[in-house]
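1. dropping the sequence and predicted coords here.
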Amino acid sequence: MGQVTELGYMGFNVTDLDAWREYATKCVGLEIEEGDRDDRFYLRMDNQHHRFVIHQSDEDDLAYAGWRVKGFEEFKAMQQHLKDNGVDFRVASEEECEERFVLGLLKLEDPSGNPTEIFYSPQMDVMKPFHPGRPMYGKFLTGDQGIGHFILRSFDDEAMYAFYSMLGFVGSVEYKIKLPNGMIAKPHFMHCNDRQHSLAFGLGPMEKKINHLMLEYTELDDLGLAHDTARREGIDVAMQLGKHSNDQAYTFYFATPSGWLLELGHGAREAMRDQEHYTGDIFGHKPEATGYGMNIDI
Ligand code: MBD
Ligand code: FE
């Protein structure tokens, strides 16, 4: 059996650590945990030791995505399940587990070569309540729904769908939309908990492994404050405020210091029982800044 339960942590390689410190706190509201290594710092969204590791690098891209399983039994079962399905993986050393602040860790790649990790039991720093990097009305919506969602690069949608289904995800093509190059995109959206999607792929060619990461606020006003800051700072907005048809979240997309996008949102609904698809969004989401792989008229 294989069943991941949430998007638990992510690592990003970045060229400008300081730009990320400023952006993540002042604009988004994440909390910095400096740690004791010069080549990285951590970002918190809740009581988990960290949700993001920001690594000093000469590239600006996703370094790894960490998917959680329920516990030790499920971690063992997942290893057998991967073997039964002929998937290569490596059981991480004690030192590597400590580096991620988890008790058990597997390292593998998805069919598109995206570095993937499966872990159980993250360190929860409950003695250190989440303290946002800027004043916030509410919190980040995480809990059973994990970090949020991200769009990752796929070179073969069928293989990606099969791989993530094998990890316990459920999902389907949810949009049929025309790309600027005239092609019709049929992106897949997949979930592993009540969050409508934790993962999506198939929105056209991508230079980087990640197109965007979506985080959700519990309060609408925190989305508004982030939007005001993005506008005041003149940060590129690739897609204006609007409401998606599938998760019905009110969101906008703007550039991170790494040149990929952050989608901030509020008010998403839970995953649907049956499959459905759309040809556009409910309102808004008009394309604005180009060059981010998101100038789709959804
Ligand atoms: C999303 O979160 C998204 O990024 C797109 C492109 C469509 C629907 C929901
Ligand atoms: Fe999204």
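-> Sure, I can see it. Ligands and ions are numbered 1, 2, ... in the order given.
2. quick one: the closest residue to ligand 1 within the chain and residue 196, what's the gap?
-> Nearest to ligand 1, among the residues of the chain, is residue 244, at 4.0 Å (Cβ to the nearest ligand atom). All C-beta spots, glycine's among them, are computed from the backbone N, C-alpha and C. As for residue 244, its distance to residue 196 is 9 Å (criterion: Cβ to Cβ, to the nearest Å).
3. residue 289 now?
-> According to Cβ to Cβ, residue 289 stands 26 Å off from residue 196.
4. who's more crowded, these two?
-> The neighbour comparison of residue 289 against residue 196 (other Cβ atoms under 10 Å) goes to residue 196, with 22 against 17.
5. how about that one: what's its closest non-neighbour residue?
-> Spatial nearest neighbour of residue 196, excluding adjacent residues (Cβ to Cβ, 6 or more residues apart in numbering): residue 247 at 3.6 Å.
6. number of residues surrounding the one you found?
-> 23.
7. same check, this time on residue 50
-> 26.
8. A helix includes it, no?
-> No. Using DSSP: H, G, I helix; E, B strand; the rest coil, the secondary structure at residue 50 is coil, not a helix.
9. show me what contacts it?
-> By Cβ atoms under 8 Å, 6 or more residues apart in numbering, the contact set of residue 50 is 9, 33, 42-44, 101.
10. which of those residues lies closest to residue 219?
-> Nearest to residue 219 among the contacts of residue 50, counting by Cβ to Cβ, is residue 44 at 18.0 Å.
11. can you tell me how far that closest one is from residue 215?
-> 12 Å.
12. what's the answer for residue 79, then?
-> Separation of residue 79 from residue 215 (Cβ to Cβ) stands at 31 Å.
13. now residue 285. Nearest residue, chain neighbours left out?
-> Excluding the flanking residues, the one nearest residue 285 by Cβ to Cβ, 6+ apart is residue 242, at 2.9 Å.
14. which residues pair with the one you found across the strands?
-> Assessed by DSSP bridges, residue 242 has beta-bridge partners residue 251, residue 284.
15. contacting residues around the residue in the stretch 1-150 of the chain that ligand 2 sits nearest to?
-> The nearest approach of the stretch 1-150 of the chain to ligand 2 comes at residue 149, 5.7 Å away (Cβ to the ion). Listed by Cβ under 8 Å, 6+ apart, the contact set of residue 149 reads 7, 195, 197-200, 213-214.
16. just the ones of those residues in strands?
-> Of the positions in the contacts of residue 149, 7, 199-200, 213-214 sit in strands, assigned by DSSP state E.
17. got those residues as a markdown table, with distance to ligand 2 columns?
-> Shown next, in a markdown table, are the ones in strands among the contacts of residue 149 (distance: Cβ to the ion, whole Å):
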| residue | distance to ligand 2 |
| --- | --- |
| 7 | 13 |
| 199 | 10 |
| 200 | 6 |
| 213 | 8 |
| 214 | 4 |
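18. and this protein, which residues reach ligand 1?
-> 214, 244, 246-247, 263 (Cβ under 6 Å from any ligand atom).
19. please repeat the previous calculation with a cut-off of 8 Å.
-> Residues of the chain lying close to ligand 1 by Cβ under 8 Å from any ligand atom are 149, 151, 174-175, 187, 189, 197, 200, 203, 212, 214, 244-247, 249, 251, 253, 263, 265, 281, 294, 296, 298.
20. setting aside sequence neighbours, what's the nearest residue to the residue of the chain closest to ligand 1?
-> Residue 244's closest residue in space is residue 281 (Cβ to Cβ, 6+ apart), at 5.4 Å.
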